[in-house]
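*Asks:* 3D model of this:
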Amino acid sequence: MTILVAGATGTVGSEVVRQLAEAGHPVRALSRSPERHTAPAGVELARGDLAVPESLVPALEGVSALHLITFGGDEPLTTGPELVELARRAGVRRVSVLSGWEESSVERALRASDLGWTWLRPVEFMANALWWKENILATGRIEVFGDWPTAMVHEADIAAVAVAALTEDGHAGQNYLITGPEALTPEDRARVLGEAIGKRLTVRLLTEDEERAKLRSYGYSEEDVEFGIALGKNPPEVGMVPQPTVRQVTGRPGRTFAQWAAEHAGEFTTAT
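*Replies:* You can find the predicted model right below:
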C-alpha cells in the first residue's frame, strides 16, 4: 500500500520521501504545485492542499500511511478534523505528524480518532545554519541572539523516525522528542562549520534591537518578533538536552553537526 507524504518538498518531507523510496516503499509526494518539482525515481507526485481537504481525495486513494505537517503555507492548519476523516475513509491506519510545541487542529483530531498517530517534535534543525550563509560569505562570521547551547537535529534523523513510524508497528500513540546527539554553543557550531569549509569563523552576538530588526526584515508580525526575543533570552531547557530518541527508534546514533556541515560545506563557499 502507498504512503502519502505531505510537505514533501520541505526540509524534512523531502527526506521522508527519499528514505521511503530507497527502502522500496511505494511513495506519493503531495504538493500544491507538483508541476514545479521533480521526485526520486519511482515516486509519484500528487496535487493537494492541506488547507483544502477535498483536494486530497484523489491523492489518498490506496494510501495506508500518511505523513502530515501542521502548517499550510505560513499559517497553522485549521482543517484537522476534515483531513483525519478523509484519511479514515481512505483506509489510512498510520499517521506521523511533524509537530510544533503547541497542539494543532491536526493533532487534536487525530487524538480523538482511532488512527495510529505518532508525533514528531524536533528541536532546532541543523539546516537552520543555512541562515548564516550570506554573513559567512561576506564577513566570515555568524550572528546569533543568545549564546545558549542547542541539541539541534539533522533533518535526515527526523525523517528516519517518521519512516519508522509509518512502516513499523510499535509507534502508535508515541510523542517523540527528537534531538541531535550533542548540545553545541554558537562558538562550537562556528568552529565545526569552519573546519568543514576550511575557514575560521567568528561569532557576533546580536543585541535585542538588532534581533528585532532582523526578525522584522523576515516579515514576522510584532507578536512573533517578541516571541522570538523571549525564546532567545530564555530558551526552553528541553532544546539543550540530547535525547536518545533517534537511536531508540532507528537503532543507530543520531547524525552530528560535523556530518551535516561536511554534507553542506559547498553551500557556504559559493554565492548564489
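
*Asks:* which residues of the protein fall in strands?
*Replies:* Secondary structure of the chain, counting by DSSP state E: strands at 2-5, 27-31, 44-47, 63-69, 71-72, 75-76, 94-98, 116-122, 141-144, 174-178, 202-205.

*Asks:* turn those into CSV, including mean pLDDT, mean neighbour count and distance to residue 216.
*Replies:* Just so you know, the C-beta spots here come from the backbone N, C-alpha and C atoms, and that holds for glycine as well. Output for those, formatted as CSV (pLDDT from 0 to 100; neighbours: other C-beta atoms under 10 Å; distance: least, C-beta to C-beta, whole Å):
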stretch, mean pLDDT, mean neighbour count, distance to residue 216
strand 2-5, 98, 26, 33
strand 27-31, 97, 26, 30
strand 44-47, 96, 18, 34
strand 63-69, 98, 24, 26
strand 71-72, 82, 16, 21
strand 75-76, 84, 11, 19
strand 94-98, 98, 25, 27
strand 116-122, 97, 22, 26
strand 141-144, 94, 18, 15
strand 174-178, 98, 18, 30
strand 202-205, 96, 13, 19
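
*Asks:* of those strands, give the one that comes closest to residue 260.
*Replies:* In terms of C-beta to C-beta, the element of the strands of the chain nearest to residue 260 is strand 116-122, at 13.4 Å.

*Asks:* relative to strand 63-69, how tilted is that closest one?
*Replies:* Counting by axes from the mean of the first three to the mean of the last three C-alpha atoms, to 10 degrees, strand 116-122 points 30 degrees away from the direction of strand 63-69.

*Asks:* give me the contact list for strand 116-122.
*Replies:* The contact list for strand 116-122 (C-beta atoms under 8 Å, 6 or more residues apart in numbering) reads 12, 93-101, 107, 110-111, 153, 158, 161-162, 165, 171-179.

*Asks:* tilt between that strand and strand 94-98?
*Replies:* Here the directions of strand 116-122 and strand 94-98 differ by 20 degrees (the same axes, to 10 degrees).

*Asks:* where does pLDDT dip in this protein?
*Replies:* 73, 271-272 (pLDDT under 70).

*Asks:* that one: helices as residue ranges?
*Replies:* With DSSP state H, the ranges of helices along the chain come out as 13-22, 80-90, 105-111, 133-139, 155-167, 186-197, 208-217, 222-233, 245-250, 257-264.

*Asks:* okay, those helices in CSV with mean neighbour count and distance to residue 71 next?
*Replies:* What follows is the helices of the chain, written out as CSV (neighbours: other C-beta atoms under 10 Å; distance: least, C-beta to C-beta, whole Å):
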stretch, mean neighbour count, distance to residue 71
helix 13-22, 22, 12
helix 80-90, 19, 12
helix 105-111, 20, 10
helix 133-139, 14, 24
helix 155-167, 24, 15
helix 186-197, 19, 26
helix 208-217, 14, 18
helix 222-233, 13, 13
helix 245-250, 18, 22
helix 257-264, 18, 23
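
*Asks:* ok, which of those helices comes nearest residue 127?
*Replies:* helix 155-167 (5.4 Å).

*Asks:* now do that closest one: everything it contacts.
*Replies:* 3, 11-13, 15-16, 18-20, 23, 25, 65-67, 94, 96, 98, 118, 120, 122, 125-127, 171, 174, 176, 178, 180, 245-246, 249-250, 254-255.

*Asks:* what about dumping the CA coordinates of it to CSV?
*Replies:* Below are the C-alpha coordinates for helix 155-167, written out as CSV (Å, rounded to 0.1, in the frame of the first residue of the first chain):
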residue,chain,number,x,y,z
GLU,A,155,16.7,16.7,9.1
ALA,A,156,17.5,13.1,7.9
ASP,A,157,17.2,11.9,11.5
ILE,A,158,13.7,13.4,11.9
ALA,A,159,12.8,11.8,8.6
ALA,A,160,14.2,8.4,9.8
VAL,A,161,11.9,8.5,12.9
ALA,A,162,9.0,9.3,10.6
VAL,A,163,9.8,6.4,8.3
ALA,A,164,9.9,4.0,11.3
ALA,A,165,6.5,5.3,12.5
LEU,A,166,5.0,4.9,9.0
THR,A,167,6.3,1.5,8.3
